[in-house]
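Asker: quick one, structure for this:
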Amino acid sequence: MRQNLQGAVTAQEAASGLLKAAAVGFTGESTPRGCLLASSAISCSVMAQDVKDVLAGLRRSIEASLRDKIKREIKDGGLPVGTDAATLAAHTMAVIQGMSTLARDGTSRTSLLKVVDIAMQCWPAVSKANRAAVRATR
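Answerer: Next comes the predicted model:
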């Protein structure tokens, strides 16, 4: 997931990449449906608290990286002033969590990718001029 954050030019591309990678990863043919990082250890026993803590830390780290990328883009003019970076990053992570559950319940990759499309419609509109300006500065 980190590669999607680091390789993306914009925060919106990063979020879309995270969501699409999750949809594909959660529906792999050679792996269990869903995701260990997203949900398997959320309801662990007390004996596995250390595993639960490590996975929660990884999720928080991904969310923080996305939040920081969103904040930078707001500052650079790529996203509208007033965009709530923390909530937008949390929304992306919540969608990933939900897609993991849907995948475990048998939802297809095609359907999960449609969820990604809808989730990305929640992002604030970015003008082409703003996007071009952000790309030009990087």
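
Asker: can we go C-alpha only for contacts and neighbour counts from here?
Answerer: Fine.

Asker: number of residues surrounding residue 54?
Answerer: Residues contacting residue 54 under the criterion other CA atoms under 10 Å number 13.

Asker: where's it, which helix or strand?
Answerer: helix 49-76 (DSSP states H and E).

Asker: quick one: mean pLDDT over that helix.
Answerer: Mean pLDDT, helix 49-76: 88.

Asker: now do the very next helix or strand once past it, average pLDDT.
Answerer: Using DSSP H and E, the helix or strand that follows helix 49-76 in sequence is helix 85-104. The average of the pLDDT scores along helix 85-104 is 94.

Asker: okay, the angle between the helix holding residue 54 and helix 85-104?
Answerer: 130 degrees (axes from the mean of the first three to the mean of the last three CA atoms, to 10 degrees).

Asker: switch to numbering from 53
Answerer: Okay, using 53 as the starting number, the last item reads as helix 101-128.

Asker: and helix 101-128, what does it pack against?
Answerer: helix 54-59, helix 63-78, helix 137-156 (3 or more CA pairs under 8 Å, 6 or more residues apart in numbering; DSSP states H and E).

Asker: buried set for stretch 105-112?
Answerer: Within stretch 105-112, the residues that count as buried by 16 or more other CA atoms under 10 Å are 107, 108.

Asker: just give me how far it sits from the chain centre.
Answerer: Mean-position distance between stretch 105-112 and its chain equals 14 Å (CA atoms, centre = their mean, to the nearest Å).
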